[in-house]
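Trainee: Give me coordinates for this.
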Amino acid sequence: MARTLPEILASVNDRVSALDARLRAAEQENARLRARLEDTESRLDEARSERDRAMLDVEFLTLSHRLADTPEALLSARRRISRMIRTIDKCILLLKDDPAI
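Mentor: Sure, this is the predicted structure:
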């Protein structure tokens, strides 16, 4: 038996309503996932920063261990390095003042 126009319209209206509800649910899920993504990216940036700081600490500790095994030897090595840096700075100043260069 053929359906009447009001029945067809009611059926279409029901389907549109169901699709509209699915669309709203999908939009809400999308918004939730976007917020979760932003949070995850933020935490990833923090973790990367923390990792970079830790890597610098490891490099510093590795270098300081190579310079000296004891705190006293480390102080001595730091003093030697400071003297070398001052000497290098003096050399640079002399080179800057040299008219031949």
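
Trainee: so what secondary structure elements neighbour the host helix or strand of Leu19?
Mentor: Here Leu19 is covered by helix 5-67, with elements defined by DSSP states H and E. Counting contacts by 3 or more Cβ pairs under 8 Å, 6 or more residues apart in numbering; DSSP states H and E, helix 5-67 is packed against helix 71-97. All C-beta atoms are positioned from the backbone trio N, CA, C, and that covers glycine.

Trainee: relative to helix 5-67, how tilted is the helix it packs on?
Mentor: Counting by axes from the mean of the first three to the mean of the last three Cα atoms, to 10 degrees, helix 71-97 lies at 90 degrees to helix 5-67.

Trainee: quick one: average pLDDT of helix 71-97?
Mentor: For helix 71-97, mean pLDDT is 88.

Trainee: Met55: what's it in contact with?
Mentor: If you count contacts by Cβ atoms under 8 Å, 6 or more residues apart in numbering, Met55 has none.

Trainee: So for it, what pLDDT did the model give?
Mentor: With respect to pLDDT, Met55 scores 94.

Trainee: With Lys96 as the reference, measure out to it.
Mentor: According to Cβ to Cβ, to the nearest Å, Met55 stands 36 Å off from Lys96.
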